[in-house]
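Participant: My questions concern the predicted model and sequence given below.
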Amino acid sequence: MTDENRFIARAQWNAAEGSWTDGPARYLMLRADTLMGMFRRLPPEARQSALDAIAAATVEAGGKSLRRYCDAAGLTAAELAPMIERTAAELGWGRLEIALGEGTVAMSVRHSPFAAAAAPTDGPVCAPLAGILSAFAAIALGGPARAREIACAATGNECCRFEVERV
């Protein structure tokens, strides 16, 4: 990957508008404890629905970005994986490690801001990470896929781990 493929090099700050963009995508900085504090304040049944909704929104929005990166640079899934790992770190999403196998995709994440801000909790909370992995897995596997967090640092695990299934 060349330096121009790094998020930090592509991001544009518009001081007049007070905005960060990467092409057509707008970004914002938000404290992780603010976002996760919203989930913590929801009743348990609403919390899971909200986590599912943010995962689905990340699949949609993140999927658009991933497809744009693939189209613009002609990236394969194997080339896209390290770009996602690097961009996630540049966005403050932690240290991702994506594992591509023959027809499989998995991911582990160290230092997830979602887990750190939500801990301690009784269940997985890294829904945006599951969403971006789902979007990537759809590209890598050539069809719809769903990532599921099977271990979360917010529940006391060493790192967050995700597995993918085709849907």
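Facilitator: Arrived safely.

Participant: So which residues of the protein form strands?
Facilitator: 12-14, 19-22, 25-27, 95-101, 104-110, 145-151, 160-166 (DSSP state E).

Participant: Which among these is found nearest to residue 44?
Facilitator: Smallest distance to residue 44 across the strands of the chain (C-beta to C-beta): 16.6 Å, for strand 145-151. Backbone N, C-alpha and C define where each C-beta goes, glycine included.

Participant: That closest one pairs with which strands, parallel or anti?
Facilitator: strand 160-166 (antiparallel) (DSSP bridges).

Participant: what residues are up against the residue most central in space within the chain?
Facilitator: Among the residues of the chain, the one closest to the centroid is residue 129, at 3.3 Å (C-alpha atoms, centre = their mean). Each residue near residue 129 by C-beta atoms under 8 Å, 6 or more residues apart in numbering is listed here: 88, 93-94, 96, 107, 109, 112, 114, 147, 149, 160, 162.

Participant: for these, which one is nearest residue 22?
Facilitator: residue 88 (13.4 Å).

Participant: Give me the pLDDT for that closest one.
Facilitator: Looking at residue 88, its pLDDT is 94.

Participant: And for residue 154?
Facilitator: Residue 154 is given a pLDDT of 98.

Participant: how far away is it from residue 43?
Facilitator: Separation of residue 154 from residue 43 (C-beta to C-beta, to the nearest Å): 18 Å.

Participant: do the same with residue 136
Facilitator: In terms of C-beta to C-beta, residue 136 sits 32 Å off from residue 43.

Participant: Residue 21 contacts residue 10, doesn't it?
Facilitator: No: counting by C-beta atoms under 8 Å, residue 21 sits too far from residue 10 to count as a contact (9.0 Å).

Participant: Now tabulate the contacts of residue 129 in CSV and tack on neighbour count and distance to residue 54.
Facilitator: Formatted as CSV, these follow (neighbours: other C-beta atoms under 10 Å; distance: C-beta to C-beta, whole Å):
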residue, neighbour count, distance to residue 54
88, 21, 16
93, 21, 13
94, 22, 16
96, 25, 17
107, 27, 17
109, 27, 16
112, 27, 14
114, 28, 10
147, 26, 13
149, 27, 13
160, 27, 15
162, 26, 15
